[in-house]
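A.B. asks: sequence below, structure please.
(chains A and B)
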Amino acid sequence: MPVGLSVGGALGDPSPSRPFRPSRYVPVSAATAFLVGATTLFLCFTCPWLSDRFSSSIPLYNAVVFLFTLANFCMATFMDPGIFPRAEEDEDKEDDFRAPLYKTVEVRGIQVRMKWCSTCRFYRPPRCSHCSVCDNCVEEFDHHCPWVNNCIGRRNYRYFFLFLLSLTIHIMDVFGFSLLYILHHTKQLDQIHSGVTMAVMCVAGLFFVPVAGLTGFHVVLVARGRTTNEQVTGKFRGGVNPFTHGCLKNIAHVLCSSQAPRYLGRLRKPHSVQVQPPFLRPPLSEAQLAAKVLDNGVQQSKSSLEIMESQSTDADPPPPPKPEHRYPGLPHTQNEECSLLTEAPPTPSLYKYRPAYSSPGKNHTASTHSSKMSRGNSMTESPSVPVTTGQPSYRSDPSLSSRGGAGCRGGGEGGRAGSVGLGGASAFGGRSYPSFTDTLLQSAAASCSSSLRSAQTAHNALGPLISEGTTSTSYKSLANQTRNGSLSYESLLTPSESPEFESAAHELSPPRPHPPHSLSTAPGPPPILGYTSPFLSAQQREGSLQACPAPLRPSPNRAFLRPTSSPPSRAPPLSPRARSLGSPPPGPAPGHTPLGKSLSYGGGAELQHRPSTSGGGTPMQNSTFKQNVANHNTHSHKPAGGVKKVTGVGGTTYEISV
Amino acid sequence: MAETHSLQDLRQAAVASKVFVQRDYTSGTICKFQTKFPAELESRIDKQQFEETMQTLNNLYAEAEKLGGRSYLEGCLACLTAYTIFLCMETHYEKVLKKIAKYIQEQNEKIYAPLGLLLTDPIERGLRVVEITIFEDRSIGSR
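C.D. replies: Model prediction:
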């Protein structure tokens, strides 16, 4: 609808010719038919009497509300949600086999991971997700809505939200006025008008519950500044949402911000500037000359952000960075991973690499998603109308918890997992690494450095566990690596995808009284509990938690931040596990934890790997495949600088610098 | 080679490499690019100049995304007209994007092209990166 200059062959065409699937149009056609059909019948059969009997403003009011609903529906359906054009080839000069799968970036003090999208060929910006239905990366991806047959993203979220609000009001109006008609025509129910009105009432009543439920859900999301994707994958369950600006500002951002521009279909003006030699040169300073000498000239096209990474692929690994570089709070913004990379001796390039583009579907396999999604969806808001009808794209990029992520991180994490303690590096693999300055961690990190991204490294042994196609390849290549600890940890994490979702979905549903039954049975996410519980014995938990509870304290600025190891106030969702273990688990629900939650789970995860070992297993047991150091590190991970690790649900670890 | 040298002068220079300045997400998802000076440009342009360009771009994007009375009125008007206003009116963001395009063009003409560099409007890349093309410098005495 907005004015756009459409140009054929627009820059970075999104998904090229997709097969025509008529089944995609069934829900949207049904929704349109019901909306337009029912309202038309209402206006034709019920409204004449209403305008005669009461006032002619009633049909007028209903018509206005209906038009507003329809307008928002059309905008939500036809508007580009914020699709990113595919990156051009020259942007991705980094060798696929050497680049990390994830890049960590600090967003308002919290480490957020950006995943490499093999289809679109760039690192997905925060809040961006790849929709497997549309086969596009969408900015601020909310979900793929089958009822409008479109993704809901940054550009059209407000129309979708207004559509839900107006539809709820419209349904209530239609139902109410129809009821009024019926109540005044109880003696003429055999008339056709009454029959039609009753039918319209039924349709309205039927749709009211799911639509109202979904509307309420989105009102909460808007107020909290979250997207559906984040809510369902439980990214911020345990901690702080770095993208929120407060309730009022969040609402203002949704409703009052200027319409975001589209990225596709823009008229691309050719450069009218001629660039011809000879070129001027700026005078070189001494420092610049010195720098030139040091520059190894590798991958010139890389931005500075990626320079460190490329360095790690050199034969001579750069020396480990100073500890302070690894604090997230420092102005190294994009260099978190770089510093991490430089810590470790350069492992062979096999370690860190992104899956090749040739496996485009892997990032967003519908199949893997769908199973999760269905579970998640069932747990999420009951009204399945708009959103969660098991769309794979819904979770198209649950990178945090996703297999790929887990896998990747495994490598790094593995080594670190034990050691990491709460650092959170374990959490997901890499998210938090930079925050650890522990020397012990360094050594562990060294071995895991590559794992950072390549997660793949992870953990060969667990290769088969990795569902993600891409990561599995990477894992295979890493099979030879000797990253002990990470193996068990990471591999354990990967299968947890579904559990995460479940727990996420779990969170969505109204809070239920966990505690009573939770102890006996695993609530919502049984698999999750099953996943983690055996591994973590009470002793182990306490052991791991003892070291860290004190240092972890929510910073004054982060009221919601919950230290991973401190007893969380959110007992209910975690209660089952917590109680059994005797210590409250970290913020994120146990279900999600596997992915990379705090250390306490890490130990458990490892144990899981070895069925023979006793459930609890002391941290020492972990050393079978991890360095002992790693375990000790977990507790002491808390850096002096005051970096808090919060493990979000879905395997996201957030580090908040104090 | 004398004759070929003059011919080279007439043609557009060859692309040597590209630098990609990434987004700066430290303040959230607002559009902001890193002002850190990329190492590859060290010998080609003054650091100060580059940072000034990036800072100006960031300011322009901040203006585009500002939640002010203007954007609010625009939203209200759009609602009232059932969004048909978008067919005739340009949104605030688009207006600022035009301004940015003009600014980049100006910078290219005045500063970057003479140095053998070219800035590409980040909107072409989905506002993810600022692409700086470094042209090969074949003149005598160049690197």
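
A.B. asks: just give me the neighbour total for B:K99.
C.D. replies: 13 (other CB atoms under 10 Å in any protein chain shown). All C-beta atoms are positioned from the backbone trio N, CA, C, and that covers glycine.

A.B. asks: and it, how close does it get to chain A?
C.D. replies: 13 Å (CB to the nearest CB, to the nearest Å).

A.B. asks: excluding its backbone neighbours, what's nearest that residue?
C.D. replies: B:L60 (6.3 Å; CB to CB, 6 or more residues apart in numbering or on different chains).

A.B. asks: secondary structure class for the one you found?
C.D. replies: At B:L60 the chain is in helix, as set by DSSP: H, G, I helix; E, B strand; the rest coil.

A.B. asks: which residues touch the residue sitting nearest the centre point of chain B?
C.D. replies: Computing the C-alpha centroid of chain B and ranking residues by CA atoms, centre = their mean puts B:D121 first, at 3.9 Å. When contacts are counted by CB atoms under 8 Å, 6 or more residues apart in numbering or on different chains, B:D121 touches B:100-101, B:104.

A.B. asks: how many other residues sit next to residue 138?
C.D. replies: All of this is about chain A. Neighbour count for A:V138, taken as other CB under 10 Å: 32.

A.B. asks: actually chain B
C.D. replies: Neighbour tally, B:R138, other CB under 10 Å: 17.

A.B. asks: can you confirm it is in a helix?
C.D. replies: No. Counting by three-state DSSP, one finds B:R138 to be coil, located in no helix.

A.B. asks: now the stretch 1-150 of chain A, which segments are flagged as low pLDDT?
C.D. replies: A:1-18, A:93-97 (pLDDT under 70).

A.B. asks: quick one: the strands in it?
C.D. replies: For the stretch 1-150 of chain A, applying DSSP state E, counting those that start in this stretch gives strands covering A:102-107, A:110-117, A:122-123, A:129-131, A:136-138, A:143-145, A:150-152.

A.B. asks: show me the contacts for the residue nearest to B:K99.
C.D. replies: B:L60 touches B:96, B:99-100, B:103, counting by CB under 8 Å, 6+ apart.

A.B. asks: could you identify which of the strands of the stretch 1-150 of chain A is most buried?
C.D. replies: strand A:136-138 (a mean of 30; mean count of other CB atoms under 10 Å in any protein chain shown).

A.B. asks: so what does that strand touch, helix or strand wise?
C.D. replies: In this structure, strand A:136-138 packs against strand A:129-131, with contacts taken as 3 or more CB pairs under 8 Å, 6 or more residues apart in numbering or on different chains; DSSP states H and E.

A.B. asks: which helices and strands does the strand it packs on pack with?
C.D. replies: Contact here means 3+ CB pairs under 8 Å, 6+ apart; on that basis strand A:129-131 packs against strand A:136-138.

A.B. asks: measure the closest residue to A:E139 other than its chain neighbours to A:D142 for me?
C.D. replies: For A:E139, ignoring the flanking residues on the chain, the nearest one in space by CB to CB, 6+ apart is A:G82 at 3.6 Å. Separation of A:G82 from A:D142 (CB to CB, to the nearest Å) stands at 10 Å.

A.B. asks: so after the longest helix belonging to chain A, what's the next helix or strand?
C.D. replies: The residue-count maximum for a helix in chain A (DSSP state H) belongs to helix A:192-224. Per DSSP states H and E, helix A:192-224 leads on to helix A:228-232 as the next helix or strand towards the C-terminus.

A.B. asks: is any residue of the helix or strand that that next one is followed by near chain B?
C.D. replies: The helix or strand immediately downstream of helix A:228-232 is helix A:247-256, counting by DSSP H and E. Yes. Using CB under 8 Å from any CB of the partner chain, helix A:247-256 reaches chain B at A:249, A:252-253, A:255-256.

A.B. asks: so how do I select the buried members of those residues in PyMOL?
C.D. replies: Restricted to buried positions by 16 or more other CB atoms under 10 Å in any protein chain shown, the PyMOL selection for those reads:
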select buried, chain A and resi 253+255+256
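
A.B. asks: nearest to A:L214, out of the residues of helix A:247-256 next to chain B: which one, please.
C.D. replies: Of all these, A:L214 sits closest to A:L255, with 17.7 Å by CB to CB.

A.B. asks: which one is A:T168 nearest to, not counting chain neighbours?
C.D. replies: Nearest one to A:T168, counting by CB to CB, 6+ apart, is A:T215 at 4.8 Å.

A.B. asks: so B:K110, which of the three states?
C.D. replies: B:K110 - assigned by three-state DSSP - is helix.

A.B. asks: ok, it to chain A distance?
C.D. replies: Counting by CB to the nearest CB, the gap from B:K110 to chain A is 10 Å.

A.B. asks: run a quick neighbour tally on that residue.
C.D. replies: 10.

A.B. asks: now swap in A:L280 and tell me
C.D. replies: A:L280 has 12 neighbours, counted by other CB under 10 Å.

A.B. asks: thought it was touching B:A113?
C.D. replies: No. Look at A:L280 against B:A113 with CB atoms under 8 Å: they stay out of range, at 9.9 Å.

A.B. asks: which residues are in contact with both of the two?
C.D. replies: Counting by CB under 8 Å, 6+ apart, nothing touches both A:L280 and B:A113.

A.B. asks: one step back: could I get the contacts of B:D121 as a markdown table with distance to A:S129, neighbour count and secondary structure?
C.D. replies: Output for the contacts of B:D121, formatted as a markdown table (distance: CB to CB, whole Å; neighbours: other CB atoms under 10 Å in any protein chain shown; DSSP: H, G, I helix; E, B strand; the rest coil):
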| residue | distance to A:S129 | neighbour count | secondary structure |
| --- | --- | --- | --- |
| B:I100 | 27 | 19 | helix |
| B:A101 | 28 | 14 | helix |
| B:I104 | 29 | 24 | helix |
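
A.B. asks: got those as JSON lines, with pLDDT columns?
C.D. replies: Below are the contacts of B:D121 laid out as JSON lines (pLDDT from 0 to 100):
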{"residue": "B:I100", "pLDDT": "95"}
{"residue": "B:A101", "pLDDT": "94"}
{"residue": "B:I104", "pLDDT": "94"}
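
A.B. asks: which one of the residues you listed is nearest A:E89?
C.D. replies: Nearest to A:E89 among the contacts of B:D121, counting by CB to CB, is B:I104 at 22.3 Å.

A.B. asks: list the contacts for that closest one?
C.D. replies: Counting by CB under 8 Å, 6+ apart, B:I104 makes contact with B:57, B:119-121.

A.B. asks: do A:L189 as well
C.D. replies: A:182, A:195, A:198.

A.B. asks: drop anything exposed from those residues.
C.D. replies: A:182, A:198.

A.B. asks: could I get the contacts of A:L189 as CSV with distance to chain B and pLDDT?
C.D. replies: CSV is the format used below for the contacts of A:L189 (distance: CB to the nearest CB, whole Å; pLDDT from 0 to 100):
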residue, distance to chain B, pLDDT
A:I182, 31, 93
A:G195, 32, 92
A:M198, 31, 93
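
A.B. asks: A:N250 reaches A:L221, doesn't it?
C.D. replies: No. Between A:N250 and A:L221 there is no contact under CB under 8 Å: 9.1 Å.

A.B. asks: near chain A, anything from the helix or strand hosting B:Q22?
C.D. replies: With elements taken from DSSP H and E, the one containing B:Q22 is strand B:15-22. Yes. Strand B:15-22 reaches chain A (CB under 8 Å from any CB) through B:16-22.
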